[in-house]
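Undergrad: Sequence first, then the predicted structure:
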Amino acid sequence: MVKVPFKTIKIKDETYESLNVFIGELRKELKKPVSTDEALKRLLNIRKKKPSQYAGGWKMDEKEVKEIRQKLKESWNKWEL
């Protein structure tokens, strides 16, 4: 059997609680148990992703598109050069 090295890290209680909330959300999403190690790996990998990797991730209907465009147009009209 290969011995896997473990490290102990110190984190604040607030950080630990937030991590546990994230783990719980991840368990619901993946529908399987998630280790603290796996959750931390996922959090660290988020930094490596480029915005282009999220293309198509937001599903919206035509009504929502029109609403966003209208609000943008209203905001742009308020700008002064």
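TA: Everything's here; your move.
Undergrad: C-alpha from now on. contacts and neighbour counts both.
TA: Will do.
Undergrad: in stretch 40-52, what counts as buried?
TA: For stretch 40-52, a neighbour-count test (16 or more other C-alpha atoms under 10 Å) marks nothing as buried.
Undergrad: which residues of this protein score low on pLDDT?
TA: Scanning the chain for pLDDT under 70 picks out 49, 51, 53-54, 80-81.
Undergrad: Which stretches in it count as helices?
TA: Using DSSP state H, the helices of the chain run over 13-30, 36-46, 62-78.
Undergrad: can you put the ones you listed in CSV and add distance to K3?
TA: Shown next, in CSV, are these (distance: least, C-alpha to C-alpha, whole Å):
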stretch, distance to K3
helix 13-30, 25
helix 36-46, 16
helix 62-78, 53
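Undergrad: Would you tell me which of those gets closest to V2?
TA: Of all the helices of the chain, helix 36-46 sits nearest to V2, with 17.8 Å by C-alpha to C-alpha.
Undergrad: tell me the angle of the closest one relative to helix 13-30?
TA: 90 degrees (axes from the mean of the first three to the mean of the last three C-alpha atoms, to 10 degrees).
Undergrad: Make 48 the first number, not 1, from now on.
TA: Taking 48 as the first residue, the last one we looked at is helix 83-93.
Undergrad: Next, count neighbours for E85.
TA: 13 (other C-alpha atoms under 10 Å).
Undergrad: residues in contact with the residue nearest the centre of the chain?
TA: Closest to where the C-alpha atoms of the chain average out (C-alpha atoms, centre = their mean) is I93, at 7.0 Å. Residues counted as contacts of I93 (C-alpha atoms under 8 Å, 6 or more residues apart in numbering): none.
Undergrad: Tell me the spacing between it and S99.
TA: Distance of I93 to S99, computed by C-alpha to C-alpha, to the nearest Å: 13 Å.
Undergrad: same check, this time on R89
TA: In terms of C-alpha to C-alpha, R89 sits 18 Å off from S99.
Undergrad: Next: W126.
TA: For W126, the distance to S99 - C-alpha to C-alpha - is 28 Å.
Undergrad: repeat for L66
TA: From L66 across to S99, the span is 27 Å (C-alpha to C-alpha).
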